[in-house]
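> what would the 3D arrangement of this be:
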Amino acid sequence: MTSHRAPAEAADKTGSDMVGKALRLLGLLSEHPHGTSLSELAQTAGYPVSTTHRLLKSLQREGFVRSDDGSRRYSLGIRLFELGQRVSHGRGFAGVALPVMQRVTAATREPTLMSVLDGHDQLYVHYVEGPQQVQITGEPGNRGPLHCTAMGKCLVAFQSPEESRKLVSELELPSFTPNTIIHEDAFAEEIARVRQLGYAVADEEHELGIRAVGVPVIGVDGITIAALSTAAPAYRITMERLREFVPLLQDASRELAAVLPPR
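Purely as a prediction, here's the structure:
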C-alpha cells in the first residue's frame, strides 16, 4: 500500500512546493512596481535562475507576470489587478466605499482618493473625480510613496505602534520636491504629529503644485484599514481650506470603518 501511495504523495508535495515558490515570486515582484531582473529575483528568492525563469514563464503565460523585452525586467501582470478588483467588489470595497467618497467629492468639489498599505507602498484602490477642469488622480492599481503623501502618512501613523516604528525605520525617503521629508528623525516627528492630530497633510511634498489632506479609516482593532484623501492643485486651494475638509473626511472614514472588511 505504501509503495503505491508514495509517488502520488511525492508528486503532490513537489507540486505544492512549486506553487509556493510561484506565490513567493509574486510577493517579491509586488515589492518592485517598476520591475526587477531575473537574476535579482532569483537571488532574493534563493532559487536557481533556471527554476525562477521556468516559474516566471508559467506565470507570464497566465497573465500574472509581464516582462519588458527591452529591459528584460519582470513585473506583476494585469491578471492580478483583475482578480484584485473582483475581490474588492466581492468584499464590498467598491459598493460601500464609492458612494461615501462621492458624497465627499460633492461637498468639496475636489477629487477623493482611497489607498491601502501594501508593503512599503500605498496602493490606490478607489478614486472619485471632481467637477473641476484640472484633476488630481490616483488611478486604482497604481502605487505611491508613504512618506510624502497625506494618505501615506496616515497609513504609517495608524498601524500598530510596533509596525509604525518599523515602517519609519525601514522606509526609504527619496526626495521628490524641496518639501519632501528625507530624514528619518524628521519623518518620525511628522508621524507622531499625524497620530496626535488624527489627520495628515502634504504640501507639495510628492509633486510640486499638489496639496492634500488625508485621514485614516480605522478598524475596530485600532489599526487603519485604509486612508481617505482630498487633493487639489496648489493654485486653487490653500492648506487652510484643505484643513476645513478634515471633519467631512473623518465622518466619511467612520462610516467606512463600520462597513469595510478588515485588511
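
> got a list of what the most centrally placed residue in the chain touches?
Geometric centre of the chain, nearest residue: Leu123, 2.0 Å, by C-alpha atoms, centre = their mean. Counting by C-beta atoms under 8 Å, 6 or more residues apart in numbering, Leu123 touches 115-117, 141-143. In this view, the C-beta of every residue, glycine as well, is placed from N, C-alpha and C.

> and for His206?
Counting by C-beta under 8 Å, 6+ apart, His206 touches 144-145, 148-149, 176-177, 180.

> hey, C-alpha coordinates of stretch 36-51 in PDB?
Provided in PDB are the C-alpha atoms of stretch 36-51 (Å, rounded to 0.1, in the frame of the first residue of the first chain):
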ATOM      1  CA  THR A  36      13.200  43.600 -11.500                       C
ATOM      2  CA  SER A  37      15.600  41.300 -13.400                       C
ATOM      3  CA  LEU A  38      15.600  37.500 -13.500                       C
ATOM      4  CA  SER A  39      18.900  37.300 -11.700                       C
ATOM      5  CA  GLU A  40      17.900  39.800  -8.900                       C
ATOM      6  CA  LEU A  41      14.600  38.000  -8.400                       C
ATOM      7  CA  ALA A  42      16.300  34.600  -8.200                       C
ATOM      8  CA  GLN A  43      18.900  35.800  -5.800                       C
ATOM      9  CA  THR A  44      16.300  37.400  -3.500                       C
ATOM     10  CA  ALA A  45      14.100  34.300  -3.600                       C
ATOM     11  CA  GLY A  46      17.000  31.900  -3.100                       C
ATOM     12  CA  TYR A  47      16.000  29.800  -6.100                       C
ATOM     13  CA  PRO A  48      18.200  28.700  -9.100                       C
ATOM     14  CA  VAL A  49      17.900  31.000 -12.000                       C
ATOM     15  CA  SER A  50      16.600  28.100 -14.200                       C
ATOM     16  CA  THR A  51      13.800  27.400 -11.700                       C
END
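
> returning to what we had before: looking at the contacts of His206, spot the one nearest Ala200.
Closest approach to Ala200 among the contacts of His206 (C-beta to C-beta): Thr149, at 8.2 Å.

> of the contacts of Leu123, buried ones?
Neighbour counting over these (16 or more other C-beta atoms under 10 Å) leaves 115-117, 142-143 as the buried ones.

> check the burial of Pro33 by counting its neighbours.
Neighbour count for Pro33, taken as other C-beta atoms under 10 Å: 16.

> confidence score at it?
At Pro33, the pLDDT value in this model is 77.

> hmm, back to that, that's a helix at the residue nearest to the centre of the chain, yeah?
No - in this structure, Leu123 is strand, not part of a helix, as judged by DSSP: H, G, I helix; E, B strand; the rest coil.

> for Arg54, helix, strand, or coil?
With three-state DSSP as the basis, Arg54 sits in helix.

> on that earlier part again, cross the buried ones among the contacts of Leu123 against strands and list the overlap.
Here DSSP state E is the test, and these give 115-117, 143 as lying in strands.

> what is the burial count for Thr180?
Thr180: 18 neighbours (other C-beta under 10 Å).

> was I right about it contacting Glu172?
No - between Thr180 and Glu172 there is no contact, the gap being 11.6 Å when judged by C-beta atoms under 8 Å.

> what sits in contact with each of the two?
The contact sets of Thr180 and Glu172 do not overlap (C-beta under 8 Å, 6+ apart).

> now the contacts of Leu123 as JSON lines including distance to Val96 and pLDDT?
As requested, those are exported to JSON lines (distance: C-beta to C-beta, whole Å; pLDDT from 0 to 100):
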{"residue": "Ser115", "distance to Val96": "16", "pLDDT": "91"}
{"residue": "Val116", "distance to Val96": "14", "pLDDT": "89"}
{"residue": "Leu117", "distance to Val96": "19", "pLDDT": "91"}
{"residue": "Gly141", "distance to Val96": "19", "pLDDT": "72"}
{"residue": "Asn142", "distance to Val96": "21", "pLDDT": "81"}
{"residue": "Arg143", "distance to Val96": "23", "pLDDT": "86"}
